[in-house]
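Novice: Below is the sequence, then the predicted model.
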Amino acid sequence: MIGRIWHGFAAREDADAYQTMLNSDVLPGIHRIPGYRGAYVMRRDVGDEVEFMTMTIFENMAAVKQFAGEDYTKAVVQGPAQKLLKRADSRSAHFEIIFAPESSPRGEP
């Protein structure tokens, strides 16, 4: 399993609209990608901004590339999201998931 990490920052007045768009449009749309296994979205206030950290989970790098393209580290931010974000990572980081809440402490299912 691969965790794809990305950060975006919204102005406080745009944060709720961005969160609503993530939940209603962006994340449900990723379900069309074979090998997509879900996402964690975290939110925190940072000064006059609101930071969003997303970790989308994919079965393997082939699924990541199907979502993001051959240049798979490039961030995927659609037009409406760009308008609500003040700034965002231009690249995503990818990690092999070696332990998850559903796993036993030894990593066994």
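Specialist: Here it is on my side, so go on.
Novice: Count the neighbours of residue 6 for me.
Specialist: 18 (other C-beta atoms under 10 Å). The C-beta positions use only the backbone N, C-alpha and C, and glycine is treated the same way.
Novice: Share the number of residues neighbouring the residue lying closest to it once chain neighbours are set aside, please.
Specialist: Excluding the flanking residues, the one nearest residue 6 by C-beta to C-beta, 6 or more residues apart in numbering is residue 92, at 4.5 Å. The tally of other residues near residue 92 (other C-beta under 10 Å) stands at 20.
Novice: Residue 92 is in contact with residue 67, isn't it?
Specialist: No: in this structure residue 92 lies outside contact range of residue 67 using C-beta atoms under 8 Å: 10.0 Å.
Novice: Between its first and last residues, how far does stretch 30-42 reach?
Specialist: One end of stretch 30-42 sits 17 Å from the other (C-alpha to C-alpha, to the nearest Å).
Novice: Report the central residue of the protein.
Specialist: Centroid-nearest residue in the chain, with C-alpha atoms, centre = their mean: residue 54, separated by 3.3 Å.
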